[in-house]
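**Student:** Compute the structure for the input listed below.
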Amino acid sequence: MAEKQISLPAKLLNGGVAGIIGVTCVFPIDLAKTRLQNQRKGQQAYRSMLDCLLKTLRSEGYFGMYRGAAVNLTLVTPEKAIKLAANDYLRHLLARDGAGLTLSKEMMAGCGAGTCQVIITTPMEMLKIQLQDAGRLASLQPIRRVHCSTSGCKLIAVSPLLTRAYNIGPSALPRRISATHIAAELLRTQGVKGLYKGLGATLLRDVPFSIIYFPLFAHLNRAGQDSLEEKPRFYHSFLAGCVAGSVAAVSVNPCDVIKTRLQSLSKGTNEES
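**Tutor:** Reported below is the predicted structural model:
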């Protein structure tokens, strides 16, 4: 039986709302993921995800855990809308003569959806990673002791934040870098390709993710239907999404680590490029 095609406006709205809710709920975990992925052996500021979240909360406050969230909230709507709409359209296109989709065709639809979304995902991840990793870089800065002229007096001075690769130069006071400033500097110095650094690694992550996620979710979701006409219950669809997302995320995590490190413009002391 051919799958019913949902209208494009409904699919765009569905993807946008789902993306915004998802970012709001899990962004602190995503921040911890980025900081843990960028750590190098011998320069580990965080021992675990929980340790990273607690240290971030203590040093940067509650809103520090949402550093870079504005970028995601702005771009996640078109990203998820493109991804879901492309998958839905391709599934409808590949379903011919009333026959159901084979697994290979479901994977082809997922592949197309993952390829389309990187148009938005790559620059979004590029900007988000710079903001998320700033706290880790600050924690790696050495503490230097400054001796007073008076005997017995000793002061502690913390060196300022590392300047970013695209903003090298002396600065009297460290200033907070915004996503707008990063984007403007990259466009000025490197053009559009600066925002698409790590495009290959993003494709390497997002295409396999969609190939795994969409067919697995569709099959798990159908398992909760008593008949083809009846919609699965909400809790079953929710669990199907959790399982499919977890399996797909674990499968592509090595590619995600590569992407994160390639897109990090700033490095700590002695960190390789």
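
**Student:** how far away is Asn14 from Ile120?
**Tutor:** Asn14 is 16 Å from Ile120, where distance means CB to CB, to the nearest Å. To be clear about C-beta, it is placed using only N, CA and C from the backbone, and glycine gets the same treatment.

**Student:** how would you label the residue lying closest to Val207 once chain neighbours are set aside: helix, strand or coil?
**Tutor:** In this structure, Val207 finds its nearest non-sequential neighbour in Gly114, 4.0 Å apart by CB to CB, 6 or more residues apart in numbering. Classification of Gly114 by DSSP: H, G, I helix; E, B strand; the rest coil places it in helix.

**Student:** so what's Gly114 scoring on pLDDT?
**Tutor:** Reported pLDDT at Gly114 in the predicted model: 94.

**Student:** Tell me which other helices or strands the helix or strand containing Thr122 touches.
**Tutor:** Element membership of Thr122 [criterion: DSSP states H and E] is helix 103-132. Using 3 or more CB pairs under 8 Å, 6 or more residues apart in numbering; DSSP states H and E as the contact test, the elements touching helix 103-132 are helix 8-37, helix 69-94, helix 179-190, helix 192-195, helix 199-222, helix 234-263.

**Student:** so what does the fifth one touch, helix or strand wise?
**Tutor:** So that's helix 199-222. Helices and strands touching helix 199-222, by 3+ CB pairs under 8 Å, 6+ apart, are helix 69-94, helix 103-132, helix 234-263.

**Student:** Ok, the fourth one next?
**Tutor:** Other helices and strands packing on helix 192-195, by 3+ CB pairs under 8 Å, 6+ apart, are helix 103-132, helix 179-190.

**Student:** still on that earlier bit, next secondary structure after the helix holding Thr122?
**Tutor:** helix 134-139.
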